[in-house]
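Peer 1: The following comprises the amino acid sequence and a computationally predicted model.
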Amino acid sequence: MWCRRLSHLQSRLQDLLRGRVTCWALQQPSFKSLFPLAIHWHHTASKSLNCVWQQHEDHFELQYANTVMRFDYVWLRDHCLSASCYNSKTHQRSLDTASVDLCIQPKTIRLDETTLFFTWPDGHVTRYDLDWLVKNSYEGQKQKVIQPRILWNAEIYQQAQVPSVDFQSFLETKEGLKNFLQNFLLYGIAFVENVPPTQEHTEKLAERISLIRETIYGRMWYFTSDFSRGDTAYTKLALDRHTDTTYFQEPCGIQVFHCLKHEGTGGRTLLVDGFYAAEQVLQKAPEEFELLSKVPLKHEYIENVGECHNHMIGVGPVLNIYPWNKELYMIRYNNYDRAVINTVPYDVVHRWYTAHRTLTIELRKPENEFWVKLKPGRVLFIDNWRVLHGRESFTGYRQLCGCYLTRDDVLNTARLLGLQA
Ligand SMILES: C[N+](C)(C)CCCC[C@H](N)C(=O)O
Ligand SMILES: O=C(O)CCC(=O)C(=O)O
Ligand SMILES: [Fe+2]
């Protein structure tokens, strides 16, 4: 009965939105129509406020700014921004959520201008600005992109002519840093030029945008083809496209490379936008994309070379998406380090291999490969949650230094500069 009534109301609301029913509010005594109500905006003369709301038994329904939103009453009580519930100096909740009656319902609801007032059974009043509700509702968030990006193949990236940032301006100016971060966030790779070819200067760069993430490879690392560590990276062999540290529960967010020396041939760096490839899979085979985002896999690093003894295991799907808006935020792709698959039934595993093949085909398309020769003075930052890297085999002496960065701290710097991250 309740469900029927609700769906009836929903369809009426949809009719209303399409302009089919004009006097619905009059027919429903419990429904309050508040339009047309003129309000004044700062930048325009006037605009009519189209806001319709209804108090249901177990939730509050609001239609505003072309969005139909539903709010749970406990949620509405929990997010109260009044002085006794929320400390606006620390931006922290003071209210003890566990003290809220799970069956709470507002005694009264009223709208004044653009503020909704909820009066609770104990007399406490919670006020919400309509725009705040739109921005913070599930329905509002669902339509929002967390991280705007430009997906690229080699041609798109080269045609974009993304400017590199100069060492000096990166270190000394806010604009230099901001431009760099903006490009890095959009493309998942960015270069700094004219960096003195030393580990110390590379470290300075890294510290300008983030905290260095110390790992089993050290804080700043320095490597050459001496097999000092039990990994192919420490050889002259080619490395197919991959992301690093897939065997960590949280793979490193950013990788910094600075080639300090190369006397020999080959050794070019390969970069592939994993999100561009994943997007192709989503378009061509959505069910395969879904499988890659659901099947958890293990990656593993086992090392027993010299004094180095390590055994790392990380678990997670190849494609990691936010459940509410399906936005991709991390790709874990390293066929060298993928561990035995023993957590997936045989019929699923076969479909997973098919999906993995589809993704691999996209990742390997020559038009998606961006090749670059790293040179002393040119530092490359790679979003290791998005862009895969690899390298060509090489001859001669080659020395690379770099580090990993903590992702949270890069994003923190970006947000403080006013960027969406
Ligand atoms: C960058 N550095 C040389 C320090 C480490 C290389 C780690 C290589 C490893 N197979 C992985 O992909 O995670
Ligand atoms: O040698 C290179 O250019 C990169 C090797 C690599 O993949 C790594 O160190 O993570
Ligand atoms: Fe790598």
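Peer 2: Okay, I see it. Ligands and ions are numbered 1, 2, ... in the order given.
Peer 1: Give me the mean pLDDT for stretch 255-267.
Peer 2: Computed over stretch 255-267, the mean pLDDT rounds to 98.
Peer 1: now the helices for the stretch 1-150 of the chain?
Peer 2: 2-17, 24-27, 73-78, 130-136, 138-142 (DSSP state H, counting those that start in this stretch).
Peer 1: where among those helices is the average confidence lowest?
Peer 2: Of all those, mean pLDDT reaches its minimum on helix 24-27 (a mean of 30).
Peer 1: so, in contact with ligand 2 or not, stretch 175-192?
Peer 2: No - with CB under 6 Å from any ligand atom as the criterion, ligand 2 is not reached by stretch 175-192; the gap is at least 13.7 Å. Yep, even glycine has a C-beta here, placed from its N, CA and C like the rest.
Peer 1: Skipping adjacent residues, who's closest to the residue of the stretch 51-200 of the chain found nearest ligand 1 in space?
Peer 2: Nearest residue of the stretch 51-200 of the chain to ligand 1, counting by CB to the nearest ligand atom: residue 199, 12.8 Å away. Nearest residue to residue 199, sequence neighbours excluded (CB to CB, 6 or more residues apart in numbering): residue 401, at 4.7 Å.
Peer 1: Over the helix or strand hosting the one you found, what's the mean pLDDT, rounded is fine.
Peer 2: Assigned by DSSP states H and E, residue 401 belongs to strand 397-405. Taken as a whole, strand 397-405 carries a mean pLDDT of 98.
Peer 1: who does that strand pair up with?
Peer 2: Here strand 397-405 is paired, per DSSP bridges, with strand 212-213 (antiparallel), strand 220-223 (antiparallel), strand 254-263 (antiparallel).
Peer 1: still on that earlier bit, neighbours of the residue nearest to residue 199, just the number please.
Peer 2: The burial count assigned to residue 401 is 23, neighbours taken as other CB atoms under 10 Å.
Peer 1: residues touching it, list them.
Peer 2: Applying CB atoms under 8 Å, 6 or more residues apart in numbering, we find residue 401 in contact with 199, 202, 220, 221, 222, 223, 258, 260.
Peer 1: tally of neighbours for residue 345?
Peer 2: Neighbour count of residue 345, defined by other CB under 10 Å: 7.
Peer 1: What of residue 172?
Peer 2: The number of residues packed around residue 172, counting by other CB under 10 Å, is 12.
Peer 1: cool, and residue 338?
Peer 2: Neighbour tally, residue 338, other CB under 10 Å: 18.
Peer 1: What's the separation between it and residue 406?
Peer 2: From residue 338 across to residue 406, the span is 24 Å (CB to CB, to the nearest Å).
Peer 1: Not including adjacent chain positions, what is the nearest residue to the residue nearest in space to the middle of the chain?
Peer 2: Nearest to the mean C-alpha position of the chain, counting by CA atoms, centre = their mean, stands residue 329 at 4.1 Å. For residue 329, ignoring the flanking residues on the chain, the nearest one in space by CB to CB, 6+ apart is residue 320 at 5.6 Å.
Peer 1: Is residue 80 in contact with residue 95, as I believe?
Peer 2: Yes - if you go by CB atoms under 8 Å, residue 80 and residue 95 touch, sitting 6.4 Å apart.
Peer 1: Looking at these two, which is more packed in?
Peer 2: A direct count of neighbours by other CB under 10 Å for residue 80 and residue 95 places residue 80 higher, at 21 against 17.
Peer 1: for the more buried one, what are its contacts?
Peer 2: With CB under 8 Å, 6+ apart as the criterion, the residues that contact residue 80 are 86, 95, 124, 126.
Peer 1: And for residue 97?
Peer 2: Counting by CB under 8 Å, 6+ apart, residue 97 touches residue 78.
Peer 1: Residue 80 versus that one, what's the distance?
Peer 2: 11 Å.
Peer 1: Stretch 394-410: which residues count as buried?
Peer 2: 394, 398-407, 409-410 (16 or more other CB atoms under 10 Å).
Peer 1: May I have it as CSV, with CA atoms only?
Peer 2: Written as CSV, here are the backbone C-alpha positions of stretch 394-410 (Å, rounded to 0.1, in the frame of the first residue of the first chain):
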residue,chain,number,x,y,z
PHE,A,394,69.0,-0.7,-23.4
THR,A,395,72.7,-0.9,-23.7
GLY,A,396,75.4,0.9,-21.7
TYR,A,397,75.3,2.6,-18.4
ARG,A,398,72.0,4.0,-17.3
GLN,A,399,71.2,5.6,-14.0
LEU,A,400,67.8,6.6,-12.8
CYS,A,401,66.8,8.3,-9.6
GLY,A,402,63.4,9.1,-8.2
CYS,A,403,60.8,8.4,-5.5
TYR,A,404,57.2,7.7,-4.9
LEU,A,405,54.8,10.3,-3.5
THR,A,406,51.9,9.9,-1.2
ARG,A,407,48.8,10.6,-3.2
ASP,A,408,46.8,12.3,-0.5
ASP,A,409,49.5,14.9,-0.1
VAL,A,410,49.7,15.8,-3.8
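Peer 1: Perfect, I'm done here.
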